[in-house]
Structures are given as structure tokens and as C-alpha cells.
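**Student:** Next come a sequence and a model predicted from it.
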Amino acid sequence: MGALEAPHRFVTSRPVKGGFVRLVQARTLAFAPMILIASLALAADAATPVAPPFWSGNPDSAGFRALADGELKTAGDALDRLLQVKGARTVENTFAPYNEALLHADNASYQSGLIEAVHPDSTVRAVAEEETRASSKFLNDLGLNRGVYDALNAINLKSADPTTRYAIEKTLRDFRLSGVDKDEATRKKIAALRDELVQIGQDFDKNIRNDSRTIQLDSAADLDGLPEDYVKSHPAGADGKISISIEYPDFFPVMSYAKSADVRKRLLKEFMNRAYPANMAVLDKMIAKRYELAQLLGFKTWAEYSTRDKMIENDKNVAAFIERLRGLTLKRSTEEYAVYLKRVREDDPAATVVNQWDRHYYGELIRKRDYNFDAQQARPYFPFEEVKQGVLSSTAKMLGLTYKRIENAAVWDPSVEAYEVWEGDKMIGRFFLDLHPRPGKYNHAANFGIRNGVEGIQIPEAALVCNFAGGKPGDPGLMEHGDVVTFFHEFGHLLHSVLGGHEPWENISGISTEWDFVEAPSQMLEEWAWNPGVLQTFAKNYQTGEPIPVEMVERMRKADWFGRATSIAYQTLYSAISLDYYNRPSKEVNTDAILHELEPKYTPYPPVPDTHFQTAFGHLDGYSAIYYTYMWSLVISKDMFSKFDQSDLLNPAIATRYRDTVIGQGGSAPAAKLVHNFLGRDYDFRSFDNWLAGESQQSPKGGKGAGGASAPR
Ligand SMILES: [Zn+2]
């Protein structure tokens, strides 16, 4: 976890946009694939028909509308067939068409969600937004459809195989959570509220996406401390001013390297006021409508409702988990704060506090002097193209996969690349890489589902949407190490969706697992970006071609430990904000006041005055009360990682077992069970606690030697 990680991770790791649409707005139901063959479970060895990639033919706005409407029409037809069945309800005549309806509605939902976030043409994005609302409405209505629920409930499960039984039981539970068993008037209110919440969420996201702010600097001297390639790529404009934006490739280097505290402060304030004031009212409305919805569904609060189907089971456990994290981080982050303050005082003897805009800058200086690590020395080893090839080749090697670039693929922007995933002579998925910023594009990092794979029906497709340096002629695209970590993280989601996307039913395929497990495979893959053996295969100096020295990686790992408690303390704060906005009646929520009350309880840093961080905290829409899921998943990821051979992470043996027992299983069993099958025991906190305590900052090759110490997490 890099120096930049605290602000970085929460904003960049928003996972699985499609998963969010599915789990939040349509959580309510499960999803289901269409059916070609009566008994899919029995047909698992049949080859999956390979349709062309979803973007084939480069649809314009009318074309995209036809595509999404077509998916919804197919879904509606399948539901009609389901409802017309006479006689005994069976898996074949009822769950299969339900599955088909869900799969096609979900295709529409995923694809609209992606295109509204990435298409360069705002008219296409606008159509995609309409289609997102249409598909969400379809799914929300389906979740409240009593006729469909009764039909599914009437299926005789006695002869069903265990996987099918699990899929149907999960479906029925999700129907009940969506409110299908309420009276008709209540169901109508629920449906209206859900539709309204889709629109509110879109407004919230759009305000964040479209508010790209800049600050103007008078001269290059204001960029003192920044790397030469950064200064070069930010020349003065016609008015003599240098414009620096709040987008990641501009923002993070300034926070880490700019000597001018004033420049850092100005940029951070703009960053933290993204979508302010526009989103203040939108957020209040979102919280109020969700509270109302939770009440209609028979829950005390939205937090209670939204944790019911998670591994953690309820919001009380979330609060206890957050408190545990606070206990683990507060003392240590306060000690770290004292180290910062001491260093700040060397520059300014009168300083009494460390400000948030000082944190990354001084973190770099401390790591440089006390840990002998300078992040700027690492950047030349991470030119974008090499990193991309490295992520692809290392994951391909350990998992026995081949990624084939699709030449002349239809893509929504010329910078986007498309790939097929092959295993032996079988194509098992496709993905798109959309990795550089452009106006109007989603400005964090995420894996977007496109088609959830279902064995025998459709192969999985997904897209990585990130905002990395590079992609411009003449620019080597030197990445921060934190970006390399993000790349591996998001690719972990992508692999989960591709490798897990071969179950017989859609509601248990791909990333359709408990939400608080979703971030475990992705956070575990971050470790690959910290491993000298892995890094040496691709991290090569862009000028000399020299691989990154092992001893530099070792210093980087040791330096990384400094600031870790603070980083996790911020994650804990974000988890608390997310919970506390949703765990009480909405009329008691003043988002500024709760933020101000929580901040000093979790971190020693003074709040940044006149900022409203919550307006651009995109997770408050997609994750609502459950930001804790990142930390919960992190605990599990550290435990799973402890089973890997740290001296050879690319070794296929353990990776294959991990794939077979965990990510390759999709959501076909409870996550705790899959993890148990991999670990040979239940997961626990030990690896996480050790990692946080810094027992693992040693690198594998220069490690401490015996025992657990040789297995850094
Ligand atoms: Zn993630």
C-alpha cells in the first residue's frame, strides 16, 4: 500500500459497477441467465456459444438504444413464458426462463452503466443513462413481482442438484429482501422509491464526474519538487498560467512532491470540494429516500437493511468491526503523526499541527530520509506500457491463461483495447482496457461488468476503466507505484468475473458473491505489485531498460510500513461515515456535522477547513452504508495471501488451487465456505493484525528468515 494510498484507495477501488447495480438497485432479485437447454446444470460440458463482443458494429446513440431495448425485450419475453406455464413448476419451466430474463436485463443494465461512464459522446452517454433507468426499473419491478415469486417458490427442489438449489434459495431470499411479500400498495411505494433512487444516484455520480476543477499557477516555480516529466507536460497556457487539474495523474504527484504548501493546499481543497455544493442536497435526498425505503421493508434503518445479506450479518457487527479497527490504528497513527510533526518543524519551527495537505509530501520526505526510499526513483521503472504488459503476463502465467489482443476491435474510444481470454483451445472470456483520462469519463478506477458469464449460455465480458498516465505520443506515462497497485487491484476484479463466470445460473456466477467478500480477490492481487520477483519481470527503467533493483523494492516495502496505520485509520473513518449516515433516521442526519464529529475520533489530523469531502464520496451512492466491506475483505485477503509462496508468486500450483476453490467458483457457495476450502480452516484476523503491526515489511528475499516472518503479507 503506497504512500498515496489513503485517499487513493477509497476513490480508486470502487469495484464492479455492474455489481453495484445488481446488488443495490436490484438486490432484490437474483439474476438469471437465459436458457438454451432445458437442464443447464446437466449441460455444463456443452460449449458456451460465443456471441460477438457487445460493442460490435460501434453503435451510435440509436444503435445503443436498440441494443439495450433488445435485451430488455428478450428478458420480458422470457418472463411472459414463465408466467404462462401450466401445471407443475420445475427448474426447467420456471427457474430457467427466470434466469434468462435476469441475464438479459442484467446485460442491459451492465452495458448502460458502462457506456454512460465512458462514451466520449455525451449524446450516447445520455441515452445510456436512460437505458440504465429502464433496466433498473425492469429489475426493480421484477423483484416485486409476486406472480414470479410465487412461481419460483412453487418449484419442487427435491430433485435439484445442490448448486441449483442454492441458486434458487438465494433468489427467493433476495425477492423477500426486495419486499415482494408486502401488500400491493406498499410494493407500489417501494417500486417508486427505487426508481427515484436510481435517478438520485445518477445525479450524484454525474455531479462528481462532471466537476473537473483546476487551479492556476503563476509560474513553473510553483511546481518546484515535481518530476521533470510532470513539469514538462504542464506548460504555461497563452495567459502565462499553468493549469493543474484535480484528476489523478495531475493531483497525486502534486500532493506527494510539490514543495509549495500553498499549491498543495489549494489543490487539495478543490479535490475535496468536487461536486460541492451540487451534491449536498442530492446526498440528503438519497439518505432520506433510503431511510423511507428501509422502513417500508420492515427495517429500522438502511444500515440494518443493507447488511442483512452480507457475511457480517448485521449493522451492529459492522459497528463493532469498525471499533476494532479504530483500536488497532489510533495509537499507532498518533505515533506516526508525532513523527510527521517533528519533521514539519524542521522546516517550520513554529508549526503546531500537520495538515492533510502536508501528509503525503512529508511522508515522502520521511520515507526518503529515514527509510532511504524515494518514490521518484521508482517512477522511471513504471512506464505505462511495460506495466500493462506486466499485469497481463504475470496473471496469465500464474493462471495458465492466454490473452489475445483483438485486432481492429470495435471500441468506444480509439484508446481502448479489447482482448480475448483463452485457456488451451477454449475462449473463456473477453475484456476491454480503457485506461487513460478524457473529458466526461468516469474519473476513478473500476472493473465494469458487461456480460455476466453463464456456462453454456454466454461468456463473461468486462472492462477495466482507469485513469492512468500515458497514452499520449511522446509521453512515457510514468506511473506512481500506487497506480501499479491499483492496476493489479482492478485486474483482480476482472479475473474474478472472468474465471468465476462459468456457473450454471447467473445469480451465482461471476462476482455474484457476498458483497463484503468482493474486495478480497482484488486486494490480494495488490500484493503482486509489492513482490520483487514479480516486479522484476516487467518494471524496467524506461531509459535504460534495467529491471527495478531488488534492494529498491525492499526499501520500498519497508518504507511502505510507515504511514500504514494512518492509511487504515482513514479507511476506518470512511467506513464510519458510510455507516453513520445510514444507521439512524434520516432527519437526524446532517452530513457535515457527522463528518466533523467522526473525523477527530479516527485520525489525529485536523480537518481541512471549508471542504465537504462527502459530496464526492461516490461510495455513498453505490455502497451506501457498507464501505466497511473493503476492510472486511482486506482481512480475508491477508489471510488468503499467507498461503501463497512468497518467493514465487507466479508459480501456478497455488494460484490454480486458489482459482479452483475460490474465484473460479463465482458465487456458487457462501464465500466463507470457499475461503475455508482454500485455507483448510476458517479465516481469521491474525495475518491482518500482523500486517498492520508491521511484521511483514520485510521482503521475501531479504526476509527475516524463519517462521511466519518469511511470509510477508
Ligand atoms: Zn476494488
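**Tutor:** Noted; the coordinates are in hand. Numbering: from 1, shown residues only.

**Student:** how about stretch 650-665: buried residues?
**Tutor:** Residues 650, 655, 658-659, 661-665 are the ones in stretch 650-665 that count as buried (16 or more other C-beta atoms under 10 Å). (Glycine included, C-beta is placed from N, CA and C.)

**Student:** For P15, report the pLDDT, please.
**Tutor:** What the model reports for P15 is a pLDDT of 31.

**Student:** swap that for G440, sorry
**Tutor:** G440 carries a pLDDT value of 88.

**Student:** Please name the nearest non-neighbouring residue to it.
**Tutor:** Leaving out its chain neighbours, the residue that sits closest to G440 by C-beta to C-beta, 6 or more residues apart in numbering is S122, at 6.3 Å.

**Student:** Correct me if wrong: the one you found contacts N210.
**Tutor:** No - counting by C-beta atoms under 8 Å, S122 sits too far from N210 to count as a contact (9.8 Å).

**Student:** Give the intersection of the neighbour lists for those two.
**Tutor:** G440 (C-beta atoms under 8 Å, 6 or more residues apart in numbering).

**Student:** Let's see which of the buried residues of stretch 650-665 end up in strands.
**Tutor:** Judged by DSSP state E, strands contain none of the buried residues of stretch 650-665.

**Student:** between the residues you listed, which is closest to the ion?
**Tutor:** Closest approach between these and the ion, by C-beta to the ion: I663, at 13.6 Å.

**Student:** ok, now which ones touch the closest one?
**Tutor:** 495-496, 499-500, 521.

**Student:** Quick check: ChimeraX command selecting the buried ones in the residues you listed.
**Tutor:** In ChimeraX, this line selects whichever of those come out buried by 16+ other C-beta under 10 Å:
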select :495,496,499,500,521
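
**Student:** Make a markdown table out of the contacts of I663 and add secondary structure and distance to the ion.
**Tutor:** Output for the contacts of I663, formatted as a markdown table (DSSP: H, G, I helix; E, B strand; the rest coil; distance: C-beta to the ion, whole Å):
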| residue | secondary structure | distance to the ion |
| --- | --- | --- |
| L495 | helix | 12 |
| H496 | helix | 10 |
| L499 | helix | 16 |
| G500 | coil | 15 |
| P521 | helix | 9 |
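
**Student:** Between the contacts of I663, which sits nearest A75?
**Tutor:** G500 (22.3 Å; C-beta to C-beta).

**Student:** Quick check, that closest one in contact with I508.
**Tutor:** No - between G500 and I508 there is no contact under C-beta under 8 Å: 9.2 Å.

**Student:** any residues in contact with both of those two?
**Tutor:** By C-beta under 8 Å, 6+ apart, G500 and I508 have these common neighbours: 666-667.

**Student:** Excluding covalently adjacent residues, which one is nearest to N531?
**Tutor:** Closest to N531 by C-beta to C-beta, 6+ apart is L649, at 5.1 Å.

**Student:** Going by distance to A565, which of the contacts of I663 wins?
**Tutor:** Distance to A565, by C-beta to C-beta, is smallest for P521 among the contacts of I663, at 24.6 Å.

**Student:** Could I get the contacting residues of the closest one?
**Tutor:** By C-beta under 8 Å, 6+ apart, P521 lies in contact with 492-493, 495-496, 637, 662-663.

**Student:** got a pLDDT number for it?
**Tutor:** Per-residue confidence (pLDDT) for P521: 97.

**Student:** elements contacting the longest strand along the chain?
**Tutor:** Criterion DSSP E: the longest strand present in the chain is strand 426-434. Helices and strands touching strand 426-434, by 3 or more C-beta pairs under 8 Å, 6 or more residues apart in numbering; DSSP states H and E, are strand 417-423, strand 461-465, helix 481-499.

**Student:** Give me the sheet partners of it and which way each runs.
**Tutor:** Within its sheet, strand 426-434 is paired with strand 417-423 (antiparallel), strand 461-465 (parallel), according to DSSP bridges.

**Student:** any idea how far the longest one is from the chain center?
**Tutor:** In terms of C-alpha atoms, centre = their mean, to the nearest Å, the centre of strand 417-423 is found 21 Å from the chain centre.

**Student:** Now do the helices in the stretch 451-600 of the chain.
**Tutor:** 481-499, 519-525, 532-538, 550-561, 564-580, 591-602 (DSSP state H, counting those that start in this stretch).

**Student:** Of those helices, which is nearest V675?
**Tutor:** If we rank the helices of the stretch 451-600 of the chain by C-beta to C-beta, the stretch that ends up nearest is helix 519-525, at 7.8 Å.

**Student:** With only the CA atoms kept, save the closest one in CSV.
**Tutor:** Taking Å, rounded to 0.1, in the frame of the first residue of the first chain, the C-alpha atoms of helix 519-525 are listed here in CSV:
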residue,chain,number,x,y,z
GLU,A,519,-12.8,-6.8,-2.5
ALA,A,520,-10.8,-9.8,-1.2
PRO,A,521,-9.5,-11.2,-4.6
SER,A,522,-8.7,-7.6,-5.8
GLN,A,523,-6.9,-6.5,-2.6
MET,A,524,-5.0,-9.8,-2.5
LEU,A,525,-3.7,-9.2,-6.1
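
**Student:** for the chain, longest helix please?
**Tutor:** Determined from DSSP state H, the single longest helix within the chain is helix 315-347.
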